[in-house]
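Chemist: fold the following.
(chains A and B)
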Amino acid sequence: MSASVVYLDYAATTPVAPEVAARMAECLTREGTFGNPGSATHAYGEAASASVEAARAQVAAAVGAQAADVVFTSGATEANNLAIFGTAQYCRDAGRHIVTARTEHKSVLDPCKELERRGWSVTYLAPDADGALDPARVAAAVRPETVLVSLMHVNNETGVIQDLGAIAELCAQAGNARVHVDAAQSVGKCGVDFAALGVDLMSVSAHKAYGPKGAGALLVSRRRGVQLTPILYGGGQEGSLRSGTVATHQAVGMGAAFELASAAPGGEHARIAALGERLWRRLRELGGVIRNGERAARVPHVLNVSFEGVEGESLLAAVQSHLAVSTGSACTSATQEPSYVLRALGRDDRLAESSLRFSLGRFTSEADIDTAGTVVVRAVERLRQIAGT
Amino acid sequence: MTYNELTRRYFEHPARQGTLAGPDCYRGAAGSPSAGTWVQFDVRIARTGAATKVSEVRFLAFGCPHVIAAAGLVAEEGEGVTLEPRLAQSIHFLRERLEAPVEKLGRLFVVEDAWIAALRAAAGR
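Modeler: The predicted model follows:
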């Protein structure tokens, strides 16, 4: 890729860390642990299995879980699907109601819509104008027949952090619904402690944390006795919850990436926060800009800004030869639809369309931020001039 | 979204962007920013004998790169035309030149409507 394009889309994906790639490569070739981890009859299989179990322990340690809680999947999307459909099927006789939020990722919303087509009832909670959910409102939505509350920890578009600890506590008082957390954006960006949160299920992703794409996990709390009905059959791997040969290199890459995330230098969070504020200060000089999620708790890695007086497609076109940023989420940007997340925060279509998500990461430098600030300020000023605003 | 070279050029360097003022200047606009596309043309007219022609054009545009490029092209190619309320070339031909997807046609019609409004204002119709 052109090094002249500043990459500020770490919330979409991250480059695999070199040390992670090296660990993965060791699992691929004849000299490495290429065996099938399910082959218990020979040393190749045992070596691969040992690598997978070591990775499982690394993932668990990074998120405050037990190794037995970790079910490797192809990513957070599959983990979310397993959590939702697996709960729906397992608990179908206990009730057919789910609580979620309008600002969830499509990999939660679309399974919920599918369940609605199958006769389930789903409550889609609206956040406040900053994207935060009031835990009491979440608990109030729980009914006797509610079997699942599925909410994300860190929003992929705004970086807003939901108070999942409080939500889980109040939901436990309100009923028997399980709590599932989509924590795809959390690892390495803010503290995640599966056990301390008191939730039942948690989805995590490798490629948001300098691991490989195609790797993720669903944490299923054994301590809380959570059981699911699988959505894949054929082999009984992963405690019969996810059949299919475990991709050793993907699991090892995920484990290594999560271990790195846990060992990130203490100053990294502050460095990212300072860079984000530096960019915001520069953009704020334009006037007519709104930082989405301004008053909510946010991870510092994501800065989502709406620009008044400019058209969204033109704004992206004006910056994209210099910057890799997102409008809306990466999963929906191809549709050219205004971000449903920002619309849920009360932004109108025009303002939602004219929003940019800057997401910072390990390799973001002060020079990158200054380039981004200059490019965006020039683009907005030019487009406002063309529009006469 | 990718853009062809013509769109890129007129989007990045809209030479006739701005406004005109004076007794021989007329204005027409169409669309609205709240609907996603708004275009305004200012035309200066020159009378030479019985002939009245557009001598100078400026535009403002709120819209996608195709709209901005189309407005710039219409402004450029509108200088020297008579006050007949139509585009020198059809909006369909303009869309083809810009290689704009067909779903952008509605936005490009706003450019045409603004141009016709400006010429009608100039012609006193």
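Chemist: phi first, then psi, for the nearest residue to A:G159 once chain neighbours are set aside.
Modeler: Nearest non-adjacent residue to A:G159, counting by CB to CB, 6 or more residues apart in numbering or on different chains: A:V302, 2.9 Å away. Quick note: C-beta positions are derived from backbone N, CA and C, even for glycine. The phi/psi pair for A:V302 (degrees, to the nearest 10) reads phi -120, psi 130.
Chemist: measure B:G28 to B:L20 for me?
Modeler: B:G28 is 12 Å from B:L20, where distance means CB to CB, to the nearest Å.
Chemist: so is the helix or strand of chain A with the lowest mean pLDDT next to chain B?
Modeler: Every helix and strand of chain A was ranked by mean pLDDT, DSSP states H and E. The lowest is helix A:349-353, at a mean of 90. Yes - interface with chain B: helix A:349-353 contributes A:349-350, A:353 (CB under 8 Å from any CB of the partner chain).
Chemist: ok, back up a step: what touches both of B:G28 and B:L20?
Modeler: Taking CB atoms under 8 Å, 6 or more residues apart in numbering or on different chains as the contact criterion, the common neighbours of B:G28 and B:L20 are B:V43.
Chemist: neighbour count winner among those two?
Modeler: Using other CB atoms under 10 Å in any protein chain shown as the criterion, B:G28 and B:L20 rank with B:G28 on top: 20 against 17.
Chemist: so the more buried one, which state does it fall into?
Modeler: Classification of B:G28 using DSSP: H, G, I helix; E, B strand; the rest coil returns strand.
Chemist: partner residues bridging it?
Modeler: Beta-bridge partners of B:G28, counted by DSSP bridges, are B:F41.
Chemist: okay, now the unreliable bits of chain B?
Modeler: Filtered on pLDDT under 70, chain B yields the residue ranges B:125.
Chemist: tell me where it has strands.
Modeler: Here chain B has its strands, by DSSP state E, at B:25-32, B:37-48, B:51-62.
Chemist: what packs against the second one?
Modeler: Using 3 or more CB pairs under 8 Å, 6 or more residues apart in numbering or on different chains; DSSP states H and E, the elements in contact with strand B:37-48 are strand B:25-32, strand B:51-62, helix B:65-78, helix B:105-123.
Chemist: got the angle for it vs helix B:105-123?
Modeler: Interaxial angle, strand B:37-48 versus helix B:105-123 (axes from the mean of the first three to the mean of the last three CA atoms, to 10 degrees): 30 degrees.
Chemist: cool, and the shortest one?
Modeler: Comparing the axes of strand B:25-32 and helix B:105-123 via the same axes, to 10 degrees yields an angle of 150 degrees.
Chemist: mind listing what's buried along strand B:25-32?
Modeler: Of the residues in strand B:25-32, B:25-31 count as buried by neighbour count, 16 or more other CB atoms under 10 Å in any protein chain shown.
Chemist: so which of the residues you listed is the closest to A:A317?
Modeler: B:G31 (18.9 Å; CB to CB).
Chemist: who touches that closest one in this structure?
Modeler: Here B:G31 is in contact with B:37-39, B:62-63, B:110, B:113-114 (criterion: CB under 8 Å, 6+ apart).
Chemist: how near is it to A:I161?
Modeler: In terms of CB to CB, B:G31 sits 40 Å off from A:I161.
Chemist: same thing with A:L316?
Modeler: Note on A:L316: its distance to A:I161, by CB to CB, is 27 Å.
Chemist: next one: B:F41
Modeler: For B:F41, the distance to A:I161 - CB to CB - is 48 Å.
Chemist: of those two, who's got more company?
Modeler: Neighbour comparison, B:F41 and A:I161: the larger count goes to B:F41, with 31 against 22 (by other CB under 10 Å).
Chemist: surely that one touches B:I116?
Modeler: No - under the criterion of CB atoms under 8 Å, B:F41 makes no contact with B:I116, lying 9.3 Å away.
Chemist: residues shared between the contacts of the two?
Modeler: The contact sets of B:F41 and B:I116 overlap at B:G28 (CB under 8 Å, 6+ apart).
Chemist: and the strands of chain B: which comes nearest B:E76?
Modeler: Among the strands of chain B, strand B:51-62 comes nearest to B:E76, with 7.5 Å by CB to CB.
Chemist: may I see the buried residues of that closest one?
Modeler: By neighbour count on 16+ other CB under 10 Å, the buried set for strand B:51-62 is B:53-54, B:56-62.
Chemist: distance between the ends of stretch A:157-172?
Modeler: Taking CA to CA, to the nearest Å, stretch A:157-172 runs 28 Å from one end to the other.
Chemist: what about that stretch, average pLDDT?
Modeler: When pLDDT is averaged over stretch A:157-172, the result is 96.
Chemist: can you map out the strands along chain A?
Modeler: Using DSSP E, strands in chain A cover A:6-7, A:70-73, A:97-101, A:121-125, A:146-152, A:178-182, A:201-205, A:216-220, A:289-291, A:302-307, A:323-324, A:355-359.
Chemist: would a markdown table of the ones you listed with mean pLDDT and mean neighbour count be doable?
Modeler: As requested, these are arranged in a markdown table below (pLDDT from 0 to 100; neighbours: other CB atoms under 10 Å in any protein chain shown):
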| stretch | mean pLDDT | mean neighbour count |
| --- | --- | --- |
| strand A:6-7 | 98 | 21 |
| strand A:70-73 | 98 | 28 |
| strand A:97-101 | 98 | 25 |
| strand A:121-125 | 98 | 17 |
| strand A:146-152 | 97 | 26 |
| strand A:178-182 | 97 | 27 |
| strand A:201-205 | 98 | 30 |
| strand A:216-220 | 98 | 29 |
| strand A:289-291 | 97 | 17 |
| strand A:302-307 | 97 | 25 |
| strand A:323-324 | 97 | 20 |
| strand A:355-359 | 96 | 27 |
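Chemist: A:V20: which of those is closest?
Modeler: strand A:201-205 (13.8 Å).
Chemist: who are the packing partners of the closest one?
Modeler: If you count contacts as 3+ CB pairs under 8 Å, 6+ apart, strand A:201-205 packs onto helix A:76-90, strand A:178-182, strand A:216-220.
Chemist: give me the residues contacting that strand.
Modeler: Here strand A:201-205 makes contact (CB under 8 Å, 6+ apart) with A:59, A:63, A:65, A:75-76, A:79-80, A:83, A:87, A:178-184, A:186-187, A:192, A:194, A:211, A:215-221, A:226, A:258.
Chemist: if we go to 6 Å?
Modeler: By CB atoms under 6 Å, 6 or more residues apart in numbering or on different chains, the surrounding residues in contact with strand A:201-205 are A:75-76, A:79-80, A:83, A:180-184, A:187, A:194, A:216-220.
Chemist: out of the residues you listed, which are close to chain B?
Modeler: Subset of those in contact with chain B: empty, counting by CB under 6 Å from any CB of the partner chain.
Chemist: what's the closest non-adjacent residue to A:S203?
Modeler: A:A79 (3.6 Å).
Chemist: where does the one you found land on pLDDT?
Modeler: At A:A79, the model reports a pLDDT of 98.
Chemist: how much space between it and B:E56?
Modeler: 62 Å.
Chemist: same check, this time on B:T7
Modeler: The gap separating B:T7 from B:E56 is 24 Å, by CB to CB.
Chemist: how far off centre is stretch A:219-226?
Modeler: Relative to the mean C-alpha coordinate of its chain, stretch A:219-226 is positioned 21 Å out (CA atoms, centre = their mean, to the nearest Å).
Chemist: swap in stretch A:103-121?
Modeler: Offset of stretch A:103-121 from its chain centre (CA atoms, centre = their mean): 17 Å.
Chemist: also stretch A:371-389?
Modeler: 31 Å.
Chemist: chain B contacts on the stretch 251-389 of chain A?
Modeler: A:311, A:313-314, A:317, A:386-388.
Chemist: that concludes my questions; thank you for your assistance.
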